[in-house]
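A.B. asks: No sequence on hand, only this structure:
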C-alpha cells in the first residue's frame, strides 16, 4: 500500500512541476494551477486551443482538478473502485498534458513543456502499470 501512495504522490508532484514557458521566462505548472480558478472565474484570460498561452490556463485548471482526484483516490477503501479512480485520473492527466504540448514540432514552448514533462509521463505510465498489474496485492 505504501508503494501505491508513493507512486501517486510522485506522479502528482511531477505533474505540478512540468516546465512551462511563461511570458519571456520559465515557470512551473503549479503556479498556473494556483491562479487558474481566478482566471477562469473572472474571465480575464481568453481560452484559445490553437495557441500555447490560450491552452495554459484550462490545462492548469484541469491538471489541478485531476491531481486532487488522484490524491483523493488514496482514501478509497474498495480496491476495484480505487483502481478505476486512479486509472481515470492518471489517463486524464496524460491527455491534458498532451493537449498542452500538441504543437511540440512547431513551437519551442511546447517542446520545452514536453521535455519537462517526460518525468511525469514515465511516473504516470509506471503508476498505471503497477495499478493494473496482477500483483496488485503488493501495493
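C.D. replies: It's in. Only a predicted model underlies this, so the values are computations on that prediction, with no experimental measurement involved.

A.B. asks: CA atoms for contacts and neighbours, from now on please.
C.D. replies: Will do.

A.B. asks: For this structure, just list every one of the helices.
C.D. replies: Ranges of helices in the chain, per DSSP state H, are 2-16, 29-42, 52-72, 79-100, 108-116, 118-132.

A.B. asks: Looking at those, which one is packed in the most?
C.D. replies: Comparing those by mean neighbour count (mean count of other Cα atoms under 10 Å), helix 52-72 ranks first with a mean of 20.

A.B. asks: Report the inter-axis angle for it versus helix 29-42.
C.D. replies: 100 degrees (axes from the mean of the first three to the mean of the last three Cα atoms, to 10 degrees).

A.B. asks: Give me the distance between helix 52-72 and the centre of its chain.
C.D. replies: Chain-centre distance of helix 52-72: 6 Å, with Cα atoms, centre = their mean, to the nearest Å.

A.B. asks: pretty sure residue 119 is in contact with residue 16, am I right?
C.D. replies: No. Counting by Cα atoms under 8 Å, residue 119 sits too far from residue 16 to count as a contact (11.2 Å).
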